[in-house]
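Enquirer: I would like the atomic coordinates for the input below:
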Amino acid sequence: MPTSATKQSLRGLTKQTESSWLGLQALRWRSPHLLAGQPCIKAALRTDNSWNPPPRRLTASCILFVLFARRGLRSYRAARKSLGDKRSEAIAEAAEAQAARVSLEAAGLQKAEAAASVRWFLENLRRSSTADWRKVFKNWVQRRGEGEPVQYILGSWPFHPLPTELLVRPPVLIPRPETEELVDRIIKHYGNCHPRRLVDFGSGSGAIVLSLLHAFPMATAVAVDPSEDAVALTRANAARCGVENRLEVRHASSEEWASMSGKAFDLIVSNPPYIPSHEIPGLQVDVREFEDHGALDGGPDGLSVIAEVLCSARRVGLPGARIYLEVHHTHPALFERFSDEAKSEPTKDATQTHATFCKQSSAV
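Expert: Numbering: from 1, shown residues only. The predicted model follows:
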């Protein structure tokens, strides 16, 4: 028999609380940990716990409570499982990364370079949410161990100041930090007085001309390159950056194209082949074996293509046009002969892994 104290406690409960009590009783056998702290439970604990209210018909609100409680339990279990899966994935990723670093170091990469390669691979896989990431990761590590550049493996690479990554395909020359520095200097030099029309001789991937079109939104440009691969890649990157309507891409050498063009440009830029031929064998394996020698080898003294670019610039440049080139550290004397007003500044190479590529280049 219920005690008088128990009956008095129940009289103070509202109908809604009594309905909730029934729902809680129905749920007790399935998820008792969800009942802690409920008002009707607290009320019952203050009385004789041996008494249970008489069976009643479950109301709609009580049924909804039970359904929502079960849904909450399922969500809790799913979240717990997801957390466990993520923890397992993190442990597996750390193990794969450690094994990859050891493998790359054994293949001849420096410790810092191996660690950087692994980090780039994992970051790219996280962004792409690849399902079978272990298989892709191992394939990338194997290719990197064979000397293939990270940029070619990933297929795209960031280039400042572009907001989107540039597509990178072999054998087109990979854009480098020293070229980013050249672009920065051009943009800072112009300030608020932007050029209206520019030409890029030897556009390669289009890194320079596309960056300048991004920085100078009212400008139009022409990109010229003798490589069909480079022309196709420049066009693809122009569409990727959304400036294809302001860029004309030509498959020709600078001399061939300049002979058919008039004086229409107030800015001429170029990153021509400028490495002397005798230095090519000393380049790093990933540069020497995978990138286009036509974009690297500048002839016996590294001046063959540069001289052609300067002659072409004279043909197409408007009075007062500015010329910016990336050149070898032994070349400033050429520009002193080309123009008494030419000035050169040393450009620091930002990459340690390509120290032999252009350790002391210059921008004019």
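
Enquirer: Which residue ranges of this protein form strands?
Expert: With DSSP state E, the ranges of strands along the chain come out as 156-157, 166-167, 197-201, 220-225, 247-251, 265-270, 317-327, 345-348, 360-363.

Enquirer: what lines up beside the longest one in the sheet?
Expert: Paired neighbours of strand 317-327 in the sheet (DSSP bridges): strand 265-270 (parallel), strand 360-363 (antiparallel).

Enquirer: Which of those strands comes out lowest on mean pLDDT?
Expert: Ranked by mean pLDDT, the strands paired with strand 317-327 bottom out at strand 360-363, with a mean of 38.

Enquirer: what about the stretch 1-150 of the chain, any weak spots by pLDDT?
Expert: Counting by pLDDT under 70, the stretch 1-150 of the chain has low-confidence residues at 1-87.

Enquirer: Swap in 90 and give it another go.
Expert: Along the stretch 1-150 of the chain, the parts satisfying pLDDT under 90 run over 1-101, 103-109, 125-134.

Enquirer: ok, now the stretch 151-300 of the chain?
Expert: 191-193, 259-263, 284-286.

Enquirer: Kindly state the domain boundaries assigned to this structure.
Expert: Following automatic domain parsing, the chain resolves into domains at 4-58, 74-146, 176-363.

Enquirer: In stretch 192-205, which residues are buried?
Expert: Neighbour-count burial for stretch 192-205, counted by 16 or more other Cβ atoms under 10 Å, picks out 194, 195, 197, 198, 199, 200, 201, 202, 203, 204, 205. All C-beta spots, glycine's among them, are computed from the backbone N, C-alpha and C.

Enquirer: now the helices for the stretch 201-350 of the chain?
Expert: 207-215, 228-241, 254-258, 285-288, 304-316, 332-338 (DSSP state H, counting those that start in this stretch).

Enquirer: So which elements touch the longest one?
Expert: Judged by 3 or more Cβ pairs under 8 Å, 6 or more residues apart in numbering; DSSP states H and E, the packing partners of helix 228-241 are strand 166-167, helix 207-215, strand 220-225, strand 247-251.

Enquirer: Could you give the backbone dihedrals for residue 206?
Expert: Dihedral pair for residue 206: phi 90, psi 10, per degrees, to the nearest 10.

Enquirer: unless I'm mixing things up, it is touching residue 232, no?
Expert: No - using Cβ atoms under 8 Å, residue 206 is not in contact with residue 232, being 10.4 Å away.

Enquirer: Between those two, which is the more surrounded one?
Expert: Of the pair residue 206 and residue 232, residue 206 is the one with more neighbours under other Cβ atoms under 10 Å, namely 32 against 16.

Enquirer: how about that one, what does it touch?
Expert: By Cβ atoms under 8 Å, 6 or more residues apart in numbering, the residues touching residue 206 are 166, 200, 223, 233, 234, 235, 237, 238, 247.

Enquirer: For those residues, please prepare CSV with the additional fields distance to residue 95.
Expert: CSV is the format used below for these (distance: Cβ to Cβ, whole Å):
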residue, distance to residue 95
166, 33
200, 46
223, 45
233, 37
234, 41
235, 42
237, 37
238, 42
247, 46
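
Enquirer: Which one of those is nearest to residue 288?
Expert: residue 233 (20.5 Å; Cβ to Cβ).

Enquirer: so who does that closest one touch?
Expert: 167, 169, 172, 204, 205, 206.

Enquirer: Pairing-wise in the sheet, spell out the partners of residue 327.
Expert: So, taking DSSP bridges as the rule, residue 327 has residue 362 as bridge partners.

Enquirer: per-residue confidence at it?
Expert: Predicted confidence (pLDDT) for residue 327: 86.
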